[in-house]
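>>> just coords:
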């Protein structure tokens, strides 16, 4: 693949990702203008819906985790050009989400329903705060590298990426995984929680807790004692009480 084609491929993959990310917000938020959300879609018996939905969550989780592991990347880049590897990952993750959107079956049983207007507003604020944390966190750790554009751009310009650096900008001064914290808020902050939405929130939460463990292992392998000291000084998903250790 030529350098220009790699760049174009990266841009297309990024555009697909961004559209999918925006639709994920609509899907989880169950906004009424969408014909397909976590609570709107083809209805089947609850047990059937639960089995299908769990399989869809597992598919996304497996794709996301396996393709992110260094051992997989080492083998994968023998097939896919290294500058396009991240873009392929982003594309596959977007496709896995699209499959989840299309295959999801709602389970309409109400688990909780907050009717107080002020409480509803507060929950919606947490919902949007969560998505805001997710997006901001990607920029704090290099948004364009995370989604494959930087690799393709450097390849086209015949530049080498700088060595990885352990930094702690903004959120990262207090918590190690603000991106995941944002997702927790976004998936759990619902004034009306149905059984289907709850299943999605639990499934994604379990996946994230597993992903954090593997991610921390990879970061420890990369940064060694520096990461161990950093990780010991901050909270995981929420800030620790008291002062941060330096």
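Cool, got the structure. Predicted model, so just to flag it, every value in this text is computed and none were measured.
>>> What's the local residue count around residue 89?
For residue 89, the neighbour count with other Cβ atoms under 10 Å is 23. Glycine gets a C-beta too; all of them are placed from N, C-alpha and C.
>>> Also residue 193?
Tallying neighbours of residue 193 according to other Cβ under 10 Å, which is how burial is gauged here, yields 19.
>>> For it, list the residues it contacts.
For residue 193, the set of contacting residues under the criterion of Cβ atoms under 8 Å, 6 or more residues apart in numbering consists of 110-113, 201.
>>> Same list (these) but as a markdown table, adding secondary structure.
As requested, the contacts of residue 193 are arranged in a markdown table below (DSSP: H, G, I helix; E, B strand; the rest coil):
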| residue | secondary structure |
| --- | --- |
| 110 | strand |
| 111 | strand |
| 112 | strand |
| 113 | strand |
| 201 | helix |
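>>> Identify the farthest-apart pair in the residues you listed.
Of all pairs drawn from these, the one with the largest separation by Cβ to Cβ is 113 and 201; the distance is 15.5 Å.
>>> Please name every helix or strand in contact with the worst-scoring helix or strand of the chain on mean pLDDT.
Taking mean pLDDT, DSSP states H and E as the measure, the helix or strand of the chain with the lowest value is helix 70-76, at a mean of 87. Based on contacts counted as 3 or more Cβ pairs under 8 Å, 6 or more residues apart in numbering; DSSP states H and E, the elements that helix 70-76 packs against are helix 82-103.
>>> hmm, 10 Å instead?
The elements that helix 70-76 packs onto, with contact taken as 3 or more Cβ pairs under 10 Å, 6 or more residues apart in numbering; DSSP states H and E, are helix 46-66, helix 82-103, helix 195-223.
>>> Now, of the contacts of residue 193, which are buried?
residue 201 (16 or more other Cβ atoms under 10 Å).
>>> any idea which of the contacts of residue 193 is closest to residue 99?
Minimum separation from residue 99 among those (Cβ to Cβ) is found for residue 201, which lies at 18.8 Å.
>>> close enough to count as contact, the closest one and residue 112?
No. Counting by Cβ atoms under 10 Å, residue 201 sits too far from residue 112 to count as a contact (12.0 Å).
>>> what residues are shared contacts of those two?
When Cβ atoms under 10 Å, 6 or more residues apart in numbering defines a contact, the residues bordering residue 201 and residue 112 alike are 190, 193.
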